[in-house]
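Q: from the sequence below, what's the structure:
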Amino acid sequence: MNGHKLPTWREMHMDTSPAVEELQFAFYRKAPAWKKWQLVNDLNDTAYTLMLSGLRRRHPHATSQELRRYLAEAILGSLLAERVYGPYLNTQKDSLNG
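A: Numbers count the residues shown, from 1 in each chain. Below you'll find the predicted structure:
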């Protein structure tokens, strides 16, 4: 570890009152497994959408195929993305550097 103390739960959730937090935990305890999986899936969809939006902003002229490749690299890392999807096309390399 780098010597930095990780924040406590309370430090990370200072904007949530303890009463509301207790309601949230009660919901999570009582919710069926399918509902919890649905919430996780919704969060993943949101993260995917936000990542894609950021990539579109950084690469406004990229094709859908190029955006998918950028997304794969953001999610998988460059080595695994290249193994799975192959190397960037020349146009993609140029747009990454510029």
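
Q: drop to CA atoms for contacts and neighbour counts, all remaining ones
A: Will do.

Q: where does this structure have low pLDDT?
A: Scanning the chain with the threshold set as pLDDT under 70 gives 1-2, 89-98.

Q: tally of neighbours for Ala81?
A: Residue neighbour count, defined by other C-alpha atoms under 10 Å, stands at 19 for Ala81.

Q: for stretch 66-82, list the C-alpha coordinates in CSV.
A: Once non-C-alpha atoms are left out, stretch 66-82 reads as follows in CSV (Å, rounded to 0.1, in the frame of the first residue of the first chain):
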residue,chain,number,x,y,z
GLU,A,66,-13.5,2.9,-33.6
LEU,A,67,-15.5,4.0,-30.6
ARG,A,68,-16.1,0.3,-29.7
ARG,A,69,-12.4,-0.3,-29.9
TYR,A,70,-11.6,2.7,-27.7
LEU,A,71,-14.2,1.4,-25.2
ALA,A,72,-12.6,-2.0,-25.2
GLU,A,73,-9.3,-0.6,-24.4
ALA,A,74,-10.7,1.5,-21.6
ILE,A,75,-12.4,-1.5,-20.1
LEU,A,76,-9.9,-4.3,-20.8
GLY,A,77,-6.6,-2.4,-21.0
SER,A,78,-4.5,-2.1,-24.0
LEU,A,79,-2.9,-5.5,-24.0
LEU,A,80,-6.1,-7.5,-23.7
ALA,A,81,-8.0,-5.3,-26.0
GLU,A,82,-5.3,-5.8,-28.7
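
Q: check which residues of that stretch are buried.
A: 66-67, 69-73, 81 (16 or more other C-alpha atoms under 10 Å).

Q: give the next helix or strand downstream of the helix or strand harbouring Arg68.
A: Assigned by DSSP states H and E, Arg68 belongs to helix 64-76. With elements assigned by DSSP H and E, the helix or strand that comes after helix 64-76 is helix 78-85.

Q: got the contact list for that next one?
A: 69, 72-73, 88 (C-alpha atoms under 8 Å, 6 or more residues apart in numbering).
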